[in-house]
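S.K.: Quick one: sequence and predicted model below, then my questions.
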Amino acid sequence: MIEVSSTPRAAELAASEPAAAAITGKMAAEVHGLQILAPAIQDIASNTTRFLVIGRSASPPTGDDRTSIMFSLQDKPGALFHAIEPFSRLKISMSKIESRPSKRKAWEYFFFVDIDGHAGEDRVKQAIDELEKHCTFVKILGTYPKTSPA
């Protein structure tokens, strides 16, 4: 098994080696002339991949937006509860929350949260301001129009 940077790169390498195979998408298989041996191998049929567009400026508000935030907390009882409580109080829906180890210090985590609303809206600004009071680090990763899975 060889780890590569992307599924198209895996298809490209598999096409150059007669005895090789790759887990890749249909389009990459077609582009590189690969035979599909096992379609639909995902473990969850409704699984989706998010793709992000990086820009120099925020998207303007549309009225149906989402904001992605990253933050870290001190390791103490109730820290996460107190940090995210303002979103509930201000009636801002959190559609996703994930944690990842910071790799800087044991038991320190980064939290990734998607909330409904644009970062420029007053109540979203207020919630993020209150979040910052409980965090060691807060970063707005982006604010953008909501989309439906394709």
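M.R.: That came in fine, so what should we check first?
S.K.: What segments of the protein are strands?
M.R.: Listed in chain order, the strands of the chain (DSSP state E) span residues 65-73, 94-101, 109-116, 135-145.
S.K.: closest to Ile2 out of those?
M.R.: Closest to Ile2 of the strands of the chain is strand 94-101 (C-beta to C-beta; 25.1 Å). For the C-beta atoms, the positions are set from N, CA and C on the backbone; glycine is no exception.
S.K.: now that closest one and strand 109-116, what's the angle there?
M.R.: 170 degrees (axes from the mean of the first three to the mean of the last three C-alpha atoms, to 10 degrees).
S.K.: thinking again about what came up before, would you reformat the strands of the chain as JSON lines and include mean pLDDT?
M.R.: Formatted as JSON lines, these follow (pLDDT from 0 to 100):
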{"stretch": "strand 65-73", "mean pLDDT": "96"}
{"stretch": "strand 94-101", "mean pLDDT": "94"}
{"stretch": "strand 109-116", "mean pLDDT": "96"}
{"stretch": "strand 135-145", "mean pLDDT": "94"}
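S.K.: now those strands as a markdown table including distance to Ala79?
M.R.: Putting the strands of the chain into a markdown table (distance: least, C-beta to C-beta, whole Å) gives the following:
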| stretch | distance to Ala79 |
| --- | --- |
| strand 65-73 | 4 |
| strand 94-101 | 12 |
| strand 109-116 | 10 |
| strand 135-145 | 9 |
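S.K.: Please produce JSON lines containing those strands, extended by mean neighbour count and distance to Phe87.
M.R.: Below are the strands of the chain laid out as JSON lines (neighbours: other C-beta atoms under 10 Å; distance: least, C-beta to C-beta, whole Å):
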{"stretch": "strand 65-73", "mean neighbour count": "21", "distance to Phe87": "10"}
{"stretch": "strand 94-101", "mean neighbour count": "12", "distance to Phe87": "6"}
{"stretch": "strand 109-116", "mean neighbour count": "19", "distance to Phe87": "6"}
{"stretch": "strand 135-145", "mean neighbour count": "16", "distance to Phe87": "13"}
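S.K.: nearest to Glu17, of those?
M.R.: Evaluated with C-beta to C-beta, these place strand 94-101 nearest to Glu17, the distance being 33.9 Å.
S.K.: residues near Arg50, how many?
M.R.: Arg50: 9 surrounding residues under other C-beta atoms under 10 Å.
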